[in-house]
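Novice: Next come a sequence and a model predicted from it.
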Amino acid sequence: MDTLQNMRVFVRVVEAGSFTGAAQHLNTTTAYASRAVSDLEAHLRTRLLNRTTRRIALTEAGERYLQRCEQILAYVDEAEAEAGHAQAQPAGKLKIHAMTSFGQHYVVPAVGAYQEAYPDVSVELTLAQRMPDLLDEGYDVALVLATDLPDSGFVSQRIASAFSIACAAPAYLERRGVPKTPSDLANHTCLQLVTPVFPTAQWKFTGPGGEETINLGAATFQVNVAEAMAVAVREGMGVGLLPIYSAIGGLRSGELVWILPEYKSQEMNVYAMYPSRQYLDAKIRTWVELLRERLPVTLANDQTELRKFART
């Protein structure tokens, strides 16, 4: 028995004053309206309406039950309206997860632009060097950097791509020399950035000769955040692979030098992941749309600026 629907029929019968009038309003039959009320009475084991051939009247129990039905149905209608509105107009809390350095450089500014366009949305952003569990942790969207994604059952959209570059401090290069090819790195101290998407003890480069893989020895220093790696490289501790967004400041100031400029390394796709495409909440849809418009342009601008710092 559909109790909620039977409540609606019961309320409509009382308002119309007859089963026939309620049936006409609900676009159904008089027999259906009568049976719905009878089923409700059987379920409650209480008579709600006294009936004659000409009129109906509420019992005392029916009067009390009518008030409760009206309250319950009003709450249900309000809840349905709110849920439907969520698909049409962005509002409420948007819970986002992103990798730490990428989030600092690109996601936080994007959030600012998003909230300017959609002021009814509050944003909770978590930055961490791990892959979140969208369902268990309740995230609406996760921004993930990876070469590709395993089949998780979640929806994923490729937003853009980014790559890393080999950098060192001027003082380090004066001491140790400038590597000309990836294989020259075997004679250098290579610092390792360890994250869920960066393989340890192995660097892959794409350049004039195609793809080259460099196997590194035991790391003298490793860290899990690109900003910390940038500090270590600026301090002259060795050569490091840095995402462009973490290297660009040091390149501008002259504290970092881009080495092996003919080579790109650790190219990653930027994915937006969310739990489901069906009945997509408006705040998720509009957030992903903003990222698709904004991130490729921002990353392309950084790559254009990067060319100014090529050193051969």
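Specialist: Everything's here; your move.
Novice: For the stretch 101-250 of the chain, give me the ranges with low pLDDT.
Specialist: 150-152, 196-200 (pLDDT under 70).
Novice: in its sheet, what does the helix or strand harbouring residue 203 sit against?
Specialist: Using DSSP states H and E, residue 203 falls within strand 202-207. Neighbouring strands of strand 202-207 in its sheet, by DSSP bridges, are strand 210-215 (antiparallel), strand 264-274 (antiparallel).
Novice: got the domain boundaries for the chain?
Specialist: 3-88, 92-160+269-303, 162-267 (automatic domain parsing).
Novice: Would you format these as JSON lines with distance to residue 310 included?
Specialist: Yep, even glycine has a C-beta here, placed from its N, CA and C like the rest. Formatted as JSON lines, those follow (distance: least, C-beta to C-beta, whole Å):
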{"stretch": "domain 3-88", "distance to residue 310": "48"}
{"stretch": "domain 92-160+269-303", "distance to residue 310": "12"}
{"stretch": "domain 162-267", "distance to residue 310": "4"}
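Novice: Now render these as a markdown table, adding mean neighbour count and distance to residue 309.
Specialist: Formatted as a markdown table, the domains of the chain follow (neighbours: other C-beta atoms under 10 Å; distance: least, C-beta to C-beta, whole Å):
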| stretch | mean neighbour count | distance to residue 309 |
| --- | --- | --- |
| domain 3-88 | 15 | 46 |
| domain 92-160+269-303 | 16 | 11 |
| domain 162-267 | 18 | 4 |
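Novice: secondary structure class for residue 124?
Specialist: Following DSSP: H, G, I helix; E, B strand; the rest coil, residue 124 is assigned to strand.
Novice: in the chain, which strand has the most residues?
Specialist: Longest strand in the chain by number of residues (criterion: DSSP state E): strand 155-168.
Novice: Give the pairing partners of that strand; include direction for each.
Specialist: strand 239-243 (antiparallel), strand 257-259 (antiparallel), strand 264-274 (antiparallel).
Novice: Please, where are all the helices along the stretch 101-250 of the chain?
Specialist: In the stretch 101-250 of the chain, the helices defined using DSSP state H, counting those that start in this stretch lie at 108-117, 134-137, 170-176, 226-234, 244-253.
Novice: Just the angle for the last one relative to strand 155-168, thanks.
Specialist: Helix 244-253 and strand 155-168 are oriented at 30 degrees to each other (axes from the mean of the first three to the mean of the last three C-alpha atoms, to 10 degrees).
Novice: same thing with the first one?
Specialist: Taking the same axes, to 10 degrees, helix 108-117 and strand 155-168 form an angle of 140 degrees between their directions.
Novice: For helix 108-117, give me every contacting residue.
Specialist: Helix 108-117 is touched from outside by 96, 121, 123, 125, 286-287, 290-291, 294-295, 298, with contacts defined as C-beta atoms under 8 Å, 6 or more residues apart in numbering.
Novice: Swap in 7 Å and give it another go.
Specialist: 121, 123, 125, 287, 290-291, 294 (C-beta atoms under 7 Å, 6 or more residues apart in numbering).
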